[in-house]
Structure formats: structure tokens, C-alpha cells
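Trainee: Need a 3D model of the sequence below.
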Amino acid sequence: MFIPTSTLTTLAVAFLSLASAAPTTPAPASPLEVEAREIAARARGQFTWYNTGLGACGKWNNDGELVVALNRHVFDPQTPNGNPNNNPLCGRMIRASYKGKTVDVRVVDRCPGCAAGDLDLSPTAFQRLASLGTGRITGDWWWI
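Mentor: Numbering: from 1, shown residues only. Next comes the predicted model:
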């Protein structure tokens with residue numbers, strides 16, 4: 001059976017254009033990356049408070065500032081080359097809400113003991129939501 005060269009060329013070009021137009025499948029994300037992405041938009045978690053100082057973002061803060069230590073599940077996947085000082089989440093703002101009260105806080109630290117979705121607030125930030133004696137509350141937070 002004879003097939004003209006021009007027909008073979010046309011078929012080859014059509015095949016190659018279809019093959020190159022096929023969508024590529026991205027590499028699957030690790031479970032930690034998926035969890036961080038899902039939590040990062042809006043989360044519900046436990047809020048606690050801690051005495052501030054030198055934070056993972058490399059800056060000194062005091063207890064009178066409206067700052068937060070972000071849980072490691074969201075913070076760590078964004079840390080480039082293991083250096084938290086260069087984490088792009090440092091300095092980002094979060095709005096935390098509890099029983100109709102809200103407080104806006106700046107990310108300055110990492111909370112290694114926090115579960116996914118949790119925040120560790122400065123004493124002043126926590127007091128905008130509840131008394132320090134309460135110790136632990138459950139609230140919502142999101143990026144602003």
C-alpha cells in the first residue's frame with residue numbers, strides 16, 4: 001500500500017501538535033503542603049498566648065504588640081532553605097475572631113507546639129479576645 005509523503009508529513013505534524021498540546025500533570029503535593037494550603041485561607045483552631053521575644057522571623061517583639069506565632073503546619077512549608085528569617089509569611093497580617101471580637105495581628109514567630117489551625121497570640125492580642133486567665137479559646141482566623 002502506497003501512502004504519499006505529503007499525507008505522512010501532515011499526519012506526523014498533526015500528531016506532534018496534539019502531543020505537545022496535552023496538559024501536563026503537576027507533581028503531587030506532599031500531605032503537609034496540601035494541609036497548609038487548605039488551612040492557610042481560613043482556619044478554625046485553638047488560640048493561646050505566649051510571652052514574646054526574639055521570633056522565628058528574626059525580629060524582637062514585646063508583649064504589648066499585636067503579634068502572633070503561626071502554627072508550624074502553615075509556617076514551615078513556606079520556609080526557604082530552612083531559614084525562617086526569610087519566610088514570606090513573616091509580616092503578613094491575620095485577623096483572629098472569637099465570640100464576635102476580632103484582633104488583627106502580624107506574623108512574627110512560629111509555634112512549634114501548636115496543632116494545625118492554631119495560633120499563639122501575644123498577651124495584648126489575646127486580651128482583645130478574652131482574659132489571659134482563660135488561657136485557651138477556640139476561634140477563627142484568616143489572612144487580611
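
Trainee: all contacts plus neighbour counts: C-alpha atoms, from now on.
Mentor: Fine.

Trainee: For beta bridges, what are the partners of R95?
Mentor: D104, W142 (DSSP bridges).

Trainee: gap between it and N83?
Mentor: 25 Å (C-alpha to C-alpha, to the nearest Å).

Trainee: V105 and L70 touch, don't they?
Mentor: No: checked against C-alpha atoms under 8 Å, the pair V105 and L70 is beyond contact range at 10.5 Å.

Trainee: Just want to know which of these two has more residues nearby.
Mentor: Of the pair V105 and L70, L70 is the one with more neighbours under other C-alpha atoms under 10 Å, namely 28 against 23.

Trainee: and that one, which of the three is it?
Mentor: The three-state label for L70, taken from DSSP: H, G, I helix; E, B strand; the rest coil, comes out as strand.

Trainee: With adjacent residues omitted, what lies nearest to it?
Mentor: R110 (4.9 Å; C-alpha to C-alpha, 6 or more residues apart in numbering).

Trainee: Just the element for the one you found, please.
Mentor: Element membership for R110 (DSSP states H and E) is strand 101-111.

Trainee: Quick one: list the elements packing against that strand.
Mentor: In this structure, strand 101-111 makes packing contacts with strand 67-71, helix 72-75, strand 93-98, helix 123-127, judged by 3 or more C-alpha pairs under 8 Å, 6 or more residues apart in numbering; DSSP states H and E.

Trainee: winner for burial among the ones you listed?
Mentor: Ranked by mean neighbour count, the helices and strands packed on strand 101-111 are led by strand 67-71 with a mean of 27 (mean count of other C-alpha atoms under 10 Å).

Trainee: correct me, but N85 touches G58?
Mentor: Yes: with contact defined as C-alpha under 8 Å, N85 reaches G58; the gap is 5.2 Å.

Trainee: what sits against the residue nearest to L70?
Mentor: Residues in contact with R110 (C-alpha atoms under 8 Å, 6 or more residues apart in numbering) are 55-57, 69-72, 75.
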